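**Q** dropping a prediction and its sequence here:
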Amino acid sequence: MLLQKPTLYTDFYELTMAQGYFLSGRHQQPANFDYFFRSLPFKGGYVIFAGLSDLLEIIENFTFHEDELAYLKEQGFKSEFLSYLKDFQFQGDIYSVKEGEVIFANEPVLRVEGNILETQILETVILNTLNFESLIATKASRIKLAAGDKSVLDFGLRRSQGLGGLQASKASVIGGIGGSSNVLSGKMYDIDVSGTMAHSWVQSFGDEITAFRTYARHYPDASILLVDTYDTLKSGVPNAIKVAKELEEKGHKLIAIRLDSGDLAYLARQSRNMLDNAGLDYVKIAASNQLDEYVIKSLQNQNAPIDLFGVGTKLVTAYDDPALDGVYKLSSINGNPTLKISENIEKITLPDTKKIVRYLNEDGSFYCDGVLLEDEGEQDVVYHPHVTHKSSKVAELKSETLLSKIVDQGRVTIIPTTPKQSAAYARERLTKLNQEHKRFDNPHVYKVGVSKKLRDLKDQLVQKG
Ligand SMILES: Nc1ncnc2c1ncn2[C@@H]1O[C@H](COP(=O)(O)OP(=O)(O)OP(=O)(O)O)[C@@H](O)[C@H]1O
Ligand SMILES: O=P(O)(O)OC[C@H]1O[C@H](OP(=O)(O)OP(=O)(O)O)[C@H](O)[C@@H]1O
Ligand SMILES: O=C(O)c1cccnc1
């Protein structure tokens, strides 16, 4: 379990507002909140939705314990409110897209319905969980896209932002990374763990060949030898070849060598030749060293014979876009639609209860998305949310709706997907996103329109002020 006691993992103001709603007798007012983000990270064309399974676990465990109530008492919260919190349980409904879904800016991909207190109090933990995991899953997906059929492992725990490393490794798998060096994430989330060896192993023996031999003796069918501690081509690769031959004599096979510095394309090519000339064409080549989607793409373009990429820092820190700007905004209160007005037209929120419709091309690929009011039927056209004359014709297109109920009166009604299941879903959905939206440089903008009725409602509420 990621967080055994999640209720205080929040911003103070959620609790002061909750107390305020309670003391003023307004806490039972029905309210809806939407989660969405406003801009796509990494100047990319899409986001992979992740964090849902952790969030559901958090919501199921969202009860205040004695020690937490005692702490809140120390912070000045009133005893009648604390008595209310003692029996607090989220009893609302949640609608969401699936974990692994391909999503875009300004669409409400998760909606929380309930009373104002219980919906408000979840804001921070929802944002914390979904923003971070979706960001890392998206970065991972880009890295995997660059790597193509080649395997990618997450090596990031040592450079991750503290305990965020636990979720980072999991979200990496959702985005398409094959496994991780992160053992605790492996245990918590059932993701595959593996690894190679560090320079310290090689250094500790004084000579490279003894280091390689010893490792291979202990792990005769699972050795990946790090060949760049001294001199990759003069010492590391020749020693790895010797050990691979010794393993062969005992009926075993060296899995791979790992390159961790220098010109990875050049060294991979030279190493490949040396291995092949020694009859070791089955020995794979792994590479690491500050890799990201751009370096991997460049290595691929250079036809570097690398079979496995180990990616750390730039994956788990979401280099160079440190946060997804997801927000959680009130869309109705007491049965009345509401919105947040802003000087910046793009920041005006969408009121009322909505659904997301994904329109499909003939071949099943994604054409565009429409945000519609919940009770609306088929549309002929969806409109640009701010530019009045822009619209997309969607009449007669096949479509799917993306939101479904996952929490009913506080009870989780789906079996949360494992990271591997979410990864399979993300992989399948990404095949339906056309290439131009997946391009790293200036990707084509995927359209997210709104229905006329929703746009009119928004305009009307803006006019009303
Ligand atoms: N052939 C290549 N094409 C594109 N980028 C590469 C290539 N080879 C290495 N890189 C990347 O260039 C960056 C710098 O590599 P550099 O050779 O400076 O590392 P290094 O200084 O040898 O490594 P270290 O400091 O760990 O010994 C790294 O991000 C690396 O992954
Ligand atoms: O480069 P990253 O993508 O973060 O991948 C993880 C790095 O971590 C390890 O190195 P370590 O931290 O031990 O030191 P190094 O950078 O000197 O190799 C490993 O050898 C990789 O180089
Ligand atoms: O297993 C590895 O090779 C590894 C693990 C963490 C960081 N760098 C490399």
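**A** The structure has been received and is ready for your questions. Ligands and ions are numbered 1, 2, ... in the order given.
**Q** residues in contact with the helix or strand that contains Val152: which ones?
**A** Using DSSP states H and E, Val152 falls within strand 151-154. Contact with strand 151-154 is made by 140, 143-144, 168-169, 172-173, 176-182, 194-195, 307-312, 315-316, as judged by C-beta atoms under 8 Å, 6 or more residues apart in numbering. Just so you know, the C-beta spots here come from the backbone N, C-alpha and C atoms, and that holds for glycine as well.
**Q** and if we set it to 6 Å?
**A** If you take C-beta atoms under 6 Å, 6 or more residues apart in numbering as the criterion, strand 151-154 is touched by 143-144, 169, 172, 177-180, 308-311.
**Q** what does stretch 368-376 give?
**A** With C-beta under 6 Å, 6+ apart, stretch 368-376 has contacts from 107, 352-359, 382, 392, 447-451, 453-454.
**Q** could you rerun that using 8 Å?
**A** Stretch 368-376 has contacts (C-beta under 8 Å, 6+ apart) with 104, 106-108, 350, 352-359, 379, 382, 392, 394, 402, 446-451, 453-454, 457.
**Q** same thing with stretch 344-352?
**A** Stretch 344-352 has contacts (C-beta under 8 Å, 6+ apart) with 32, 34, 38, 106, 108, 329-332, 337-342, 371, 373-374, 385-386, 450, 454, 457-458, 461-462.
**Q** returning to that earlier point: just the contacts of stretch 368-376: which are in strands?
**A** Judged by DSSP state E, the contacts of stretch 368-376 include 354-359, 382, 392, 448-450 as members of strands.
**Q** quick check: mean pLDDT across stretch 99-115?
**A** On average, the pLDDT along stretch 99-115 is 98.
**Q** can I get that stretch in CSV, CA atoms only?
**A** Only the C-alpha atoms of stretch 99-115 are listed here, as CSV (Å, rounded to 0.1, in the frame of the first residue of the first chain):
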residue,chain,number,x,y,z
GLU,A,99,-5.7,4.1,-16.3
GLY,A,100,-3.5,4.0,-19.4
GLU,A,101,-6.0,6.1,-21.5
VAL,A,102,-4.5,8.5,-24.0
ILE,A,103,-5.9,11.9,-22.9
PHE,A,104,-5.5,15.6,-23.9
ALA,A,105,-5.7,19.1,-22.4
ASN,A,106,-9.0,20.6,-21.1
GLU,A,107,-11.0,17.4,-20.9
PRO,A,108,-12.5,16.4,-17.6
VAL,A,109,-11.0,12.9,-17.3
LEU,A,110,-12.1,12.4,-13.7
ARG,A,111,-15.2,13.7,-11.9
VAL,A,112,-16.0,13.5,-8.2
GLU,A,113,-19.6,13.9,-7.1
GLY,A,114,-20.7,14.1,-3.5
ASN,A,115,-21.2,16.7,-0.9
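**Q** ranges for the strands of the stretch 1-150 of the chain?
**A** Secondary structure of the stretch 1-150 of the chain (DSSP state E, counting those that start in this stretch): strands at 30-36, 47-48, 93-96, 102-103, 110-115.
**Q** for Gly410, what are its contacts?
**A** Contacts of Gly410 (C-beta under 8 Å, 6+ apart): 59, 89-92.
**Q** okay, it: pLDDT?
**A** Taking Gly410 on its own, its pLDDT is 98.
**Q** ok, now how distant is it from Gln203?
**A** Applying C-beta to C-beta, to the nearest Å, the value for Gly410 to Gln203 is 56 Å.
**Q** neighbours around Ile103, how many?
**A** 25 (other C-beta atoms under 10 Å).
**Q** tell me the domain boundaries of the chain?
**A** For the chain, automatic domain parsing gives the domain ranges 12-136+321-464, 142-316.
**Q** is any residue of the last one near ligand 3?
**A** Going back to what we said before, that points to domain 142-316. Yes - counting by C-beta under 6 Å from any ligand atom, contacts between domain 142-316 and ligand 3 involve 155, 181, 195-196, 310, 312.
**Q** identify the farthest-apart pair in these.
**A** Thr196 and Gly312 (12.3 Å; C-beta to C-beta).
**Q** any chance you could map the strands in the stretch 251-400 of the chain?
**A** 256-259, 284-288, 308-311, 327-333, 336-337, 354-360, 366-373, 381-383, 391-393, 398-401.
**Q** report the buried residues of the helix or strand just after the last one.
**A** Put plainly, it is strand 398-401. Using DSSP H and E, the helix or strand that follows strand 398-401 towards the C-terminus is strand 404-408. Buried residues in strand 404-408, defined by neighbour count with 16 or more other C-beta atoms under 10 Å: 406-407.
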